[in-house]
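> Show me how the following folds:
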Amino acid sequence: MSQGRSEDRLRDPVITRDSGRFSFPEFYTREKPRLMRFFARQLGNQADADELAQESFTRFVRAAPAQALASPQAYLTRIATNLLRDFVERGSTLLSKRTKPLDDGLHAIAPSDTHRELQAKQDLARWTLILNQLPPQTLDIFMRNRVEGQTYVAIAAELDLPLWVVQKQMLKAIRHVTAYREANDD
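A predicted model of the protein is given here:
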């Protein structure tokens, strides 16, 4: 560790040298990158990391006068940890907000709508025919990923295959489906 970094850790990062008073702008400048790394590492998403970092600072400012805190950095870290826990428990990822379970629209078709029912049966038969043109291993991997929601890594582990094989089979399946859709303007 360099000399400058160890001195920074020993010196309280929020007390300015000139006045000896708490400086929120300096505190924010020093702590925002640390919070961003923490959240990004945990969530794997920069947008969510930025949102939670901002919320952490907002709660910090609202909570207590910084001059009364023995360790503002520790207090901010506690706020961030609690926010992350709540965020994960809520399932508040952008993906979970935008996706719906596959069976959400299952009962949306009225039983008396025979035209839509017939169309759905024809679509299902057509896609079954298209997917059954794939080799069995490719179809199995494709269905595990796209229908069951398994990751490539989980599929590779379960089938005892190298990850690159799973990726190659998925690419083959996606190309097959894409070629069919482009040929039929589906």
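
> Helices of the protein, start to end?
For the chain, the helices defined by DSSP state H cover 3-10, 24-43, 46-63, 72-90, 94-98, 114-131, 136-146, 152-159, 163-184.

> Just send these back as CSV, with mean pLDDT and mean neighbour count too.
Every C-beta, even on glycine, is put in place using the N, C-alpha and C of the backbone. Below are these laid out as CSV (pLDDT from 0 to 100; neighbours: other C-beta atoms under 10 Å):
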stretch, mean pLDDT, mean neighbour count
helix 3-10, 42, 9
helix 24-43, 87, 15
helix 46-63, 86, 16
helix 72-90, 84, 15
helix 94-98, 48, 9
helix 114-131, 84, 11
helix 136-146, 88, 17
helix 152-159, 90, 15
helix 163-184, 85, 14
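
> So this protein: which segments form each domain?
According to automatic domain parsing, the chain comprises the domains 6-97, 114-184.

> so how far is the longest one from its chain's centroid?
With C-alpha atoms, centre = their mean, to the nearest Å as the basis, the distance from the averaged C-alpha position of domain 6-97 to the chain average is 20 Å.

> And for stretch 177-186?
What separates the centre of stretch 177-186 from the centre of its chain is 30 Å, taken as C-alpha atoms, centre = their mean.

> can you list contacts of that stretch?
130-131 (C-beta atoms under 8 Å, 6 or more residues apart in numbering).

> Please apply the same query to stretch 54-62.
The contact list for stretch 54-62 (C-beta under 8 Å, 6+ apart) reads 24, 28, 31-32, 35, 66, 72, 75-76, 79-80, 83.

> ok, so of those residues, who is nearest Leu118?
Using C-beta to C-beta, Leu83 is the member of these that lies nearest Leu118, at 50.5 Å.

> Surely that closest one and Ala49 touch.
No: contact criterion C-beta atoms under 8 Å: Leu83 and Ala49 do not qualify, at 11.1 Å.

> quick one on the thing from earlier: just the closest of the contacts of stretch 54-62 to Gln119, please.
Once C-beta to C-beta is applied, the member of the contacts of stretch 54-62 that ends up nearest Gln119 is Leu83, at 46.6 Å.

> Report the contact partners of the closest one.
So Leu83 contacts 52, 55-56, 59 (C-beta under 8 Å, 6+ apart).

> go on, Gln137?
Gln169.

> roughly how far apart are Thr77 and Met36?
Thr77 sits 13 Å away from Met36, taking C-beta to C-beta, to the nearest Å as the criterion.

> residues shared between the contacts of these two?
Counting by C-beta under 8 Å, 6+ apart, nothing touches both Thr77 and Met36.

> Distance check, Glu158 against Val165.
To Val165, Glu158 is 13 Å away according to C-beta to C-beta.
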